[in-house]
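Undergrad: Provided below are the primary sequence and the corresponding predicted coordinates.
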Amino acid sequence: MKLRSQSWFDNPDNPDLTAIYVGHYLNYGLTLDELQSGKPIIGIAQTGSDLAPCNRHHIELAKRVRSGIEAAGGVCIEFPVHPIQENGKRPTAALDRNLSYLSLVESLFGYPLDGVVLTIGCDKTTPALLMGAATVNIPAIALSVGPMLNGWHNGKRAGTGATIWEARKRLAAGEIDYPQFMEASTASIPSVGFCNTMGTASTMNSLAEALGMQLPGAASIPAPYRERGQVAYETGRRIVELVWADLKPTDVMTKGAFENAIALNSAIGGSTNAPIHLNAVAKHVGIELTNDDWQRIGHEIPLLANVQPAGDYLAEDFHRAGGVPAIMNQLLANSSLPDPNAITVTGESVGELYADRGISDTNVIRDFDAPLKPAAGFLNLSGNLFDSAIMKTSVISAEFRKRYLSNASDPEAFEARAIVFDGPEDYHARIDDDALAIDENCILVIRGAGPLGYPGGAEVVNMQPPAALIKRGITELPTLGDGRQSGTSGSPSILNASPEAAAGGNLAILQTGDLIRIDLRNARVNVLIDAAEIADRRSCLAKSGGFPTPPSQTPWQEIQRSHVEQFAQGMTLKPAVKYKNVAQTAHPR
Ligand code: FES
Ligand code: MG
């Protein structure tokens, strides 16, 4: 088998160019034998750095990956990927998912690589790398950096993100002061690794395993555990075999594999960012995946993982209880895994791989017959304000259900008065304004927070009620918006509304005081004004110059805004999705 890298490193028909390509790869100590004896050249796409602390442990793990690659007869070339740090990057890390994707495509396409290890972890690193591998389509395997250890504060588990949302409410209610708030919040970050709640990172790493792109069990091993280094080694060994087997991302990430990932997402109580990212990965593979698929496949699946924010425990507990393999096993055993024949990077199907994986602690991972909640997947809502918005039903609290979803005549529907905010700054400035007269019959709405309105899309829909309401014991209100929210949030928001206000969606014409009807049974959300009034308001908006968006601050913000699709379409770049299998089009210069 002739390897792709040989057209760079070992091409007797073009000795000049070969020498030019080979020469500089010798200058740090590689030998001619390593580059010209037909060994697979394996990239490690390195996402860790001091700027990206969630993935920083990959710098250590890469040493074990390298050993595995060499033990299996490959040559390792590690290279950087544009950093994405969820909690470091302004205005939002989501802005950089597509930039990181683009940079990876260029690296994989333009350099002599036969296969690649994708070092995934922090929220957007996982979709960015899977998207890149899908577009180029050389053999690829993902390796999670692993979650942090459990955080602890005052003898209780402290989950990343979730602890902040909780402590913030206590700060607002005057129960703790700023230093106490900081102490509680940072206690939730006890070690290297990604967030230890079932936020977007744990979710996307779990989905990468369910998709078949990681070794079984590799998603949930905590970053500091010795098994994390061991699975890094095995991942290195396996990528070399994948090159010889010529098993590519498009062989693994099939429609059935995506459907399996959706089912798993419901069972783990996964993040509302997952549909955006998984739909994007699918698109780059060339598979149509929509928010309808999420409701169709996912909604009836029960919640099995008792992990924050939908449950009580954290990632370390989840791993000890059996992790993704135990959940996959439960889905399989209960005919709820859509495609048991989907092939994984091991070469075996998910049906074979997970046939025998038990639960070791049913407090943390429930049996399918005794779930935390039945029918715990997402709803895909639509109506006269947007075409699609997601709601995570697994985090509807008993209190929320009692207050809003217990109407005797129609228990799944309620009406609420809209309080409309234009972006997060407006929300922070006005939420405690008495003139708004916010009470428990209100729904907080935020707009101007989508991919165009707030470049990349802001994680802001999980808005807190005004402090006065929290002091009265009302700790959550219904919320709605064209932005996202953190996967660590336990808020049952209606979010990711597409199209966003800035892209022509009717959230742009919503006014404070409008009545909104939310009907979960029929997955409908409508503002209770008639079509003529909507048309009237739209024409006024057009006359006033349209929905205002802030100017771009960087070149990339402007470039992304001119090409990006809406959340429901995966927030992909329109010109990018037509490129498929690009490694096949590579030819020597
Ligand atoms: Fe990076 Fe949560 S902020 S994983
Ligand atoms: Mg986040």
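TA: Here it is on my side, so go on. Keep in mind that what you see is a predicted model, and the values were worked out from it rather than measured. Ligands and ions are numbered 1, 2, ... in the order given.

Undergrad: Mind telling me what element L278 is part of?
TA: helix 274-285 (DSSP states H and E).

Undergrad: Quick one: list the elements packing against that helix.
TA: helix 97-110, helix 125-136, helix 200-210, helix 255-268, helix 291-298 (3 or more Cβ pairs under 8 Å, 6 or more residues apart in numbering; DSSP states H and E). Glycine gets a C-beta too; all of them are placed from N, C-alpha and C.

Undergrad: Which of the ones you listed sits closest to A418?
TA: helix 291-298 (22.8 Å; Cβ to Cβ).

Undergrad: Enumerate the residues of this protein near ligand 1.
TA: Residues of the chain lying near ligand 1 by Cβ under 6 Å from any ligand atom: C54, E86, N87, C122, D123, T160, F194, C195, G199, A201.

Undergrad: just checking, which of these belong to strands?
TA: Residues from these lying in strands, with DSSP state E as the criterion: none.

Undergrad: Is it possible to get CSV of these that adds pLDDT, neighbour count and distance to ligand 2?
TA: Shown next, in CSV, are the residues of the chain next to ligand 1 (pLDDT from 0 to 100; neighbours: other Cβ atoms under 10 Å; distance: Cβ to the ion, whole Å):
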residue, pLDDT, neighbour count, distance to ligand 2
C54, 98, 29, 10
E86, 94, 26, 5
N87, 90, 14, 7
C122, 98, 29, 9
D123, 97, 32, 5
T160, 91, 30, 10
F194, 98, 31, 10
C195, 97, 31, 8
G199, 95, 29, 6
A201, 98, 35, 8
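
Undergrad: and those, which of them are in helices?
TA: Among the residues of the chain next to ligand 1, the members found in helices (DSSP state H) are A201.

Undergrad: I'd like to know which of the residues of the chain next to ligand 1 is nearest to A435.
TA: For the residues of the chain next to ligand 1, the closest approach to A435 (Cβ to Cβ) belongs to N87, at 33.6 Å.

Undergrad: List the buried residues of stretch 333-345.
TA: S336, L337, P338, D339, P340, A342, I343, T344, V345 (16 or more other Cβ atoms under 10 Å).

Undergrad: who touches the nearest residue to the second one once chain neighbours are set aside in this structure?
TA: What it means is L337. Leaving aside its chain neighbours, L337 sits nearest to L331 (4.1 Å; criterion: Cβ to Cβ, 6 or more residues apart in numbering). By Cβ atoms under 8 Å, 6 or more residues apart in numbering, the contact set of L331 is N260, A263, L264, A267, I301, L337, F368.

Undergrad: In JSON lines: those residues, plus pLDDT and distance to R417.
TA: Formatted as JSON lines, the contacts of L331 follow (pLDDT from 0 to 100; distance: Cβ to Cβ, whole Å):
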{"residue": "N260", "pLDDT": "98", "distance to R417": "41"}
{"residue": "A263", "pLDDT": "98", "distance to R417": "37"}
{"residue": "L264", "pLDDT": "98", "distance to R417": "38"}
{"residue": "A267", "pLDDT": "98", "distance to R417": "36"}
{"residue": "I301", "pLDDT": "98", "distance to R417": "34"}
{"residue": "L337", "pLDDT": "98", "distance to R417": "43"}
{"residue": "F368", "pLDDT": "98", "distance to R417": "40"}
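
Undergrad: For stretch 161-180, measure first residue to last.
TA: 16 Å (Cα to Cα, to the nearest Å).

Undergrad: Identify each buried residue in that stretch, please.
TA: Those would be G161, A162, T163, I164, W165, E166, A167, R168, K169, L171, A172, I176, for stretch 161-180 by 16+ other Cβ under 10 Å.

Undergrad: Can you tell me which of those lies closest to ligand 1?
TA: The nearest member of the buried residues of stretch 161-180 to ligand 1, counting by Cβ to the nearest ligand atom, is G161 at 6.8 Å.

Undergrad: Am I right that the closest one is in contact with S486?
TA: Yes. If you go by Cβ atoms under 8 Å, G161 and S486 touch, sitting 5.4 Å apart.

Undergrad: Touching both of those two, which residues are there?
TA: G199.

Undergrad: mind checking how far the residue in the chain that ligand 2 sits nearest to is from Q566?
TA: Using Cβ to the ion, the single residue of the chain nearest to ligand 2 is S486, 4.2 Å away. As judged by Cβ to Cβ, to the nearest Å, S486 and Q566 stand 20 Å apart.

Undergrad: A52 is in contact with Q85, correct?
TA: Yes. Counting by Cβ under 8 Å, Q85 touches A52, with 4.4 Å between them.

Undergrad: More neighbours: which of the two?
TA: A52 (26 against 21; other Cβ atoms under 10 Å).

Undergrad: what sits against that one?
TA: P83, I84, Q85, G88, C122, T125.

Undergrad: Determine which two of those are furthest apart.
TA: Farthest pair in the contacts of A52, by Cβ to Cβ: G88 and T125, 12.6 Å.

Undergrad: Looking at these two, which has the bigger crowd around it?
TA: Comparing G88 with T125 by other Cβ under 10 Å, the one with more neighbours is T125, at 36 against 13.

Undergrad: Find the nearest non-adjacent residue to that one, please.
TA: Closest to T125 by Cβ to Cβ, 6+ apart is T47, at 4.6 Å.

Undergrad: can you pull the contacts of the one you found?
TA: T47 sits next to N55, H58, V81, P83, I84, S100, T119, I120, G121, C122, T125, L129 when contact means Cβ under 8 Å, 6+ apart.

Undergrad: check contacts around the residue in the stretch 301-450 of the chain positioned nearest to ligand 1.
TA: At 10.4 Å from ligand 1, A315 is the closest residue in the stretch 301-450 of the chain, using Cβ to the nearest ligand atom. Contacts for A315 (Cβ under 8 Å, 6+ apart) come out as P147, M148, N150, C195, N196, T197, M198, S202, S220, P222, V307.

Undergrad: For the fourth one, which non-adjacent residue is spatially closest?
TA: In this case it means C195. T160 (3.9 Å).

Undergrad: one step back: got the CA coordinates for the helix holding L278 in CSV?
TA: Output of helix 274-285 as CSV, limited to C-alpha atoms (Å, rounded to 0.1, in the frame of the first residue of the first chain):
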residue,chain,number,x,y,z
ALA,A,274,-24.7,19.3,21.1
PRO,A,275,-27.2,19.7,18.3
ILE,A,276,-25.3,22.7,16.9
HIS,A,277,-22.0,20.8,16.9
LEU,A,278,-23.2,17.4,15.8
ASN,A,279,-25.3,18.8,13.0
ALA,A,280,-22.1,20.6,11.9
VAL,A,281,-20.0,17.5,12.0
ALA,A,282,-22.6,15.6,10.0
LYS,A,283,-22.8,18.3,7.4
HIS,A,284,-19.0,18.1,6.8
VAL,A,285,-19.3,14.3,6.4
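
Undergrad: correct me, but S489 touches E166?
TA: No. The criterion here is Cβ under 8 Å, and S489 misses it with E166 at 10.7 Å.

Undergrad: Residues in a beta bridge with the closest residue in space to Q295 that isn't next to it in sequence, which ones?
TA: Distances taken as Cβ to Cβ, 6+ apart put N380 closest to Q295, at 4.2 Å, once the chain neighbours are dropped. Beta-bridge pairing of N380 under DSSP bridges involves I390.

Undergrad: Next one: N380 from G217, what distance?
TA: From N380 to G217 the distance is 31 Å (Cβ to Cβ).

Undergrad: Ok, T254 next?
TA: T254 is 21 Å from G217, by Cβ to Cβ.

Undergrad: host element of L143?
TA: Here L143 is assigned to strand 140-144, by DSSP H and E.
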